[in-house]
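Enquirer: Predicted model, plus sequence, below.
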Amino acid sequence: MPAPDFTLPALTGERVQLSHYRGKVVLLDFWATWCKPCRKEIPYFAKLQKNYRSRGLQVIAISMDDSPEPVHSFCNRIHLNYPVVMGNADLGELYGGVLGLPVAFLIGRDGSVYRKHAGATEPAVLQKEIEDLLRGSH
């Protein structure tokens, strides 16, 4: 299934459009500042971004918080190395409904959704799937 395209404002002010990342493997992370499992995954996602950026990985965080203020505060404290955008229920619906958090989607270089992970995901599982996608195994 092709990943639904979107254009959303990042916390830094620029606009992030998913289709601009075609040709890369994208880890799309739906999360919120009030979600403990979400906050626990973020340092690992930052490590994945650092380790695999040069091979074509791009992590994009979609905050499902009600307002950007807590997201700004949280992100200023941890200095993320990937874009954070503000999501909404409509975007969640495009992705089949994001009812609980976290939810992560792995999107292949061709723009298709390869895997959906509902709930916190074991780092080793994500790493293997990312490496497979970066190699072109799927």
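Expert: Okay, I see it.
Enquirer: ok now do the residue nearest to residue 103 when sequence neighbours are not counted, which residues does it touch?
Expert: Residue nearest to residue 103 in three dimensions, not counting chain neighbours: residue 30, with 4.4 Å by Cβ to Cβ, 6 or more residues apart in numbering. Where you see a C-beta, it was placed from the backbone N, CA and C, and this is true even at glycine. Residue 30 sits next to 62, 64, 87, 92, 95, 98, 101, 102, 103, 104, 105 when contact means Cβ atoms under 8 Å, 6 or more residues apart in numbering.
Enquirer: Distance from the chain centre to the helix or strand hosting residue 30, please.
Expert: If you go by DSSP states H and E, residue 30 is part of strand 25-31. Centroid separation between strand 25-31 and its chain, computed with Cα atoms, centre = their mean, to the nearest Å, is 2 Å.
Enquirer: now for stretch 106-122, what's the gap between its first and last residues?
Expert: Stretch 106-122 has an end-to-end distance of 14 Å (Cα to Cα, to the nearest Å).
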